[in-house]
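K.L.:
quick one: sequence and predicted model below, then my questions.
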Amino acid sequence: KPKMATSLDVINTTHSLIHDESSMLLQRATPFLGQVKDQGKVYKFNGGYNINVPVEVQTPGVITSLDGTGYEQLDMTARDSTQRATYTWSRLALPISLSGRDKAENMGDAAIVNLADVRYKSALASMMRAINKQVVVGGVAGLSNLGTFNGLATTGVSTGFFENIAAGVAPPAGQSNTVGGLSKATYYNVPGWQNQFATAGGTFGADTSGAGFDALRSVRTAAALNRNGLSEKLFHLTLASQNAYNFYEQALVNQVRFMSQKELDSGTPSLVWNDSLMFADPDMTVYNDALGAGANVSKISFYCLNLDDITLGIHDEGDFVLTPFIEIPNQDVAVAKLIFQGGLVAKRLGGSGIITNADN
């Protein structure tokens, strides 16, 4: 006699089918996470205590001119042109539970599946928001091993990728954070190991000639001069605080185009900066609002990101994996776990940058 399917069997089968779709929909509220996935820029890894990537810190050797006799002696001095950047990664888990009472109060497979679906989506959204917050502003309890972009002096974060100091300045005045175990101060004269930076000075400006656009252009040009030539784009993604995003859009108002509705596609319209999509990030907005006003406050207004250089590493077996619901022996409860394993990775910093104080 065949075994009848239980409610948990139905839930587990259903969730395995809707997991990918739910993940794609919910990541829209987390711009960095969503775009890293949408653009196929995830750094995949499948084991190890850390994520290790090679970083170029000097030229591989000395070029010899052969324009004389053609028999000049080559400089064959061996040189290690790379260092290993080492990044930590986190294994995060969030339980999703259903009690026997829940099942009794939601009789029928459809009702209990709907309840499990709501709790699953809530857990997935909560984990995605926590990861996004740690990435863009840091300070999330228990998630520090993920890494963070935020390395501004006011946060006290010594391993944040981005600093509000100009690139290439000699120590001790220059960038000094340690990224992937490699000090920016040690390699201050290496174009690829310091981020680009500009400030709008506290005001964006009403049009494209304002301080906000000047800062954006400054970072763009510096990043272009220090970019990884193998990347197909300068920036893949620009994250903005709500105020900076609104000021950017307002400054472009006289350049808005109108076209026939028949020519429009069904996609969601997005602002663009230098061929990269721009999104307002909720965590940058909350972070800036909490800083308040003041001449010495450094608000994060824009991150201009090359996702070939800076991205999120995700373990092959930890990309928001949902385990099956199982009964707990000593409780009238069935529990599943949502698992994420990963961390931020930087191969190069010079092709990306930060703009501060463009929120006013």
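P.N.:
Sure, I can see it.

K.L.:
who does the strand of greatest length in the chain touch, helix- and strand-wise?
P.N.:
Longest strand in the chain by number of residues (criterion: DSSP state E): strand 333-346. Packing contacts for strand 333-346, counted by 3 or more CB pairs under 8 Å, 6 or more residues apart in numbering; DSSP states H and E, involve helix 7-26, strand 51-56, strand 82-87, strand 90-99, helix 109-136, strand 310-315, strand 321-322, strand 326-327. Where C-beta positions appear, they are placed from N, C-alpha and C, glycine not excepted.

K.L.:
show the average pLDDT along the helix or strand that that strand is followed by.
P.N.:
Using DSSP states H and E, the helix or strand that directly follows strand 333-346 along the chain is strand 353-356. Throughout strand 353-356, pLDDT has a mean value of 96.

K.L.:
can you give the distance of strand 353-356 from its chain's centre?
P.N.:
Strand 353-356 has its C-alpha centroid displaced from the chain centroid by 15 Å (CA atoms, centre = their mean, to the nearest Å).

K.L.:
ranking the helices and strands packed on strand 333-346 by mean pLDDT, which is last?
P.N.:
Taking the mean pLDDT of the helices and strands packed on strand 333-346, helix 7-26 comes last: a mean of 62.

K.L.:
outside of stretch 183-190, which residues touch it?
P.N.:
56-58, 163, 168-172, 174-178, 193-194, 349 (CB atoms under 8 Å, 6 or more residues apart in numbering).

K.L.:
report the buried members of the residues you listed.
P.N.:
56-57, 163, 168, 174-177, 193-194, 349 (16 or more other CB atoms under 10 Å).

K.L.:
quick one: which of the residues you listed is nearest Phe247?
P.N.:
Distance to Phe247 across those (CB to CB) is lowest for Glu163, with 23.3 Å.

K.L.:
all strands of the stretch 201-350 of the chain, in order?
P.N.:
237-240, 271-273, 276-280, 300-305, 310-315, 321-322, 326-327, 333-346 (DSSP state E, counting those that start in this stretch).

K.L.:
to the chain's geometric centre, what's the distance from the fifth one?
P.N.:
What separates the centre of strand 310-315 from the centre of its chain is 8 Å, taken as CA atoms, centre = their mean.

K.L.:
quickly run through the sheet partners of that strand, with directions.
P.N.:
Partners of strand 310-315 in the sheet, by DSSP bridges, are strand 43-45 (parallel), strand 333-346 (antiparallel).

K.L.:
one step back: quick one: which of the strands of the stretch 201-350 of the chain is nearest Arg129?
P.N.:
When the strands of the stretch 201-350 of the chain are compared for distance to Arg129 using CB to CB, the nearest one is strand 333-346, at 12.2 Å.
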